[in-house]
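Visitor: Generate coordinates for the sequence data below:
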Amino acid sequence: MWKPMPLIIIDDKSTENNSLHPLLNFIGEDSLVLTSGSWHHDVKKYDELLGFILDSSLIATDLVKILTAIHKWNHLIPIIIIAEDSEIDFLTGLDEAIAIQIVSILPRAAEQQQWLNSLHLCQLCRDNSHAVAAVLPSTGNSDELNQPKVAVRALVGKSPSMSDVRKLISQVAKTDANVLILGESGTGKEVVAQNLHASSNRSICPFVPINCGAIPAELLESELFGHEKGAFTGAITARQGRFELAKGGTIFLDEIGDMPMPMQVKLLRVIEERIFERVGGTKTIKVDVRIIAATHRDLEKAVEEGSFREDLYYRLNVFPIEMPALKERAEDIPLLINSFAERLIKAGMSKIRFSANAMVSLTRHDWPGNVRELANLMERLSILFPEGIVDLAELPIKYKYDEGLMRADEPKLVEQSQKGSSKRSLRPIPEDGFNLKDYLVEVEKMYIIQALEDCNWVVARAANKLEMRRTTLVEKMRKYEIHKQE
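Guide: The predicted structure follows:
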């Protein structure tokens with residue numbers, strides 16, 4: 001397994017009860033508490049350190065002496081000082097070579113985001129690469145992130161619109177009324193359906209989803225109602241459909257607005273009479289299921305245009321629930337980011353955190369892909385910046401909204417690191433190794449997607465940005481199955 005670079009906290013007064021240690025653990029950073037007399041000996045067991053944290057109130061000896069000793073030991077390692085304004089007189093007259101190692105001065109009551117910003121500066125000085133994810137996605141398929149890691153995913157968010165959604169779920173869950181979930185693609189309509197089922201009296205029975213828009217029209221009937229042996233070429237055995245599999249439970253008809261008109265007629269019969277026949281069969285099968293449907297389309301408009309049956313629309317729209325677009329509940333983005341970060345860790349990927357400026361910038365984005373777009377961005381950044389704190393500069397161009405934001409100056413120690421080293425430091429290799437080829441493939445895919453998004457998916461412009469031939473980029477897009485999501 002990989003070993004992250006720890007922070008060294010120098011504390012002479014209460015090493016076992018140091019309050020910084022649990023704080024850093026809480027925000028996901030490894031730390032080690034050492035004394036001013038032993039740190040030089042104890043740090044030898046670590047190949048790399050992220051930096052030092054010094055609080056003058058916790059150090060028995062002169063702070064300048066400690067700074068001088070650290071500089072003599074390693075003149076390129078960043079240092080965070082904890083001190084109030086009245087306690088920084090020691091900086092006056094401090095040797096400039098030592099002063100540039102101090103990347104941040106924090107008050108003792110510093111907030112979490114202040115710490116994240118300071119740690120990000122340390123990571124810039126240490127090449128922002130103090131860890132490599134030991135486990136990469138097994139297939140590279142972004143859909144893996146969208147698979148529930150628990151039985152039911154929580155509805156994340158405390159915005160008024162999400163509170164309304166939860167209220168509607170609680171009101172209708174215990175009934176058998178048909179529910180129509182409306183909302184843009186990627187807003188989490190299936191998560192609402194899962195929560196409806198979990199809160200219903202049918203929760204011990206199956207929850208069976210089917211995407212009506214993803215299955216060819218000629219196969220949809222068989223998928224929904226099953227078929228008998230010999231019903232068509234390739235039907236070598238009888239097969240149950242989704243309605244039978246959902247017996248006693250809930251069937252979720254996603255993207256119902258894409259269902260072909262002939263299938264709408266057959267679905268209407270099932271809703272009204274609760275019976276159907278398998279394809280190629282004559283036996284009538286009774287069905288006891290609760291129907292939840294969802295669509296991103298305007299069904300009322302579709303009814304007017306004649307592409308969706310009016311009677312079916314009213315049968316499905318007994319109890320509508322509308323999922324808000326992510327841009328309408330920007331206050332939920334930090335909560336969603338925390339939720340996705342936890343899911344990435346459970347999936348074997350790296351944790352990812354954001355500075356205050358990066359978080360503000362993300363809340364300003366319109367999110368046309370909604371929650372799904374945010375999840376995909378989190379996965380991409382987890383690969384590009386494993387175990388790091390992402391600042392505004394690391395966000396893809398389309399997510400940068402820096403108007404009115406104050407940026408911290410890049411530490412002078414970054415320049416010193418580049419001057420004082422004949423080569424840039426490499427990322428530490430995990431003790432048990434890792435598949436370099438797979439890792440580089442993932443990085444290449446992420447940069448190709450980022451270039452395409454930055455160039456509004458104009459392949460020729462993206463190829464120029466990546467300094468490769470257009471035909472080469474097209475071939476790589478085909479190889480990695482990269483295409484613009486509608």
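Visitor: OK, contacts around the nearest residue to residue 399 once chain neighbours are set aside?
Guide: Taking CB to CB, 6 or more residues apart in numbering as the measure, residue 399 lies nearest to residue 365, with 5.4 Å between them; neighbours along the chain are not counted. Just so you know, the C-beta spots here come from the backbone N, C-alpha and C atoms, and that holds for glycine as well. Contact criterion CB atoms under 8 Å, 6 or more residues apart in numbering gives 327, 398-399, 401 as the residues in contact with residue 365.
Visitor: Report the two of those separated the most.
Guide: For those, the farthest-apart pair by CB to CB is 327 and 398; their separation is 13.8 Å.
Visitor: can you tell me the average pLDDT over stretch 235-254?
Guide: For stretch 235-254, the mean per-residue pLDDT is 89.
Visitor: Quick one: end-to-end length of it, please.
Guide: Between the start and the finish of stretch 235-254 there is a gap of 25 Å, counting by CA to CA, to the nearest Å.
Visitor: quick one: buried residues of it?
Guide: 239, 241-244, 246-247, 249-254 (16 or more other CB atoms under 10 Å).
Visitor: Including secondary structure, could those residues go into TSV?
Guide: Rendered in TSV, the data for the buried residues of stretch 235-254 read as follows (DSSP: H, G, I helix; E, B strand; the rest coil):
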residue	secondary structure
239	strand
241	coil
242	helix
243	helix
244	helix
246	coil
247	coil
249	coil
250	strand
251	strand
252	strand
253	strand
254	strand
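Visitor: Specify which member of those is nearest to residue 103.
Guide: Nearest member of these to residue 103, counting by CB to CB, is residue 254, at 49.1 Å.
Visitor: nearest spatial neighbour of that closest one, skipping sequence neighbours?
Guide: Here the nearest residue to residue 254 in space, its sequence neighbours aside, is residue 211; by CB to CB, 6+ apart that works out to 4.6 Å.
Visitor: how about that neighbour, phi and psi?
Guide: phi -90, psi 110 (degrees, to the nearest 10).
Visitor: Isn't it up against residue 252?
Guide: No. With contact taken as CB atoms under 8 Å, residue 211 and residue 252 are classed as non-touching, separated by 9.2 Å.
Visitor: if we can go back for a sec, may I ask which of the contacts of residue 365 has the most neighbours?
Guide: The most crowded member of the contacts of residue 365 is residue 399, carrying 19 neighbours; neighbours defined as other CB atoms under 10 Å.
Visitor: List the buried residues for the strand or helix carrying residue 97?
Guide: For residue 97, the element it lies in under DSSP states H and E is helix 96-99. Within helix 96-99, the residues scored as buried using 16+ other CB under 10 Å are residue 98.
Visitor: so after it, what's the next helix or strand?
Guide: Taking DSSP H and E, what comes next after helix 96-99 is strand 102-106.
Visitor: Direction included, what does that next one pair up with?
Guide: strand 79-82 (parallel) (DSSP bridges).
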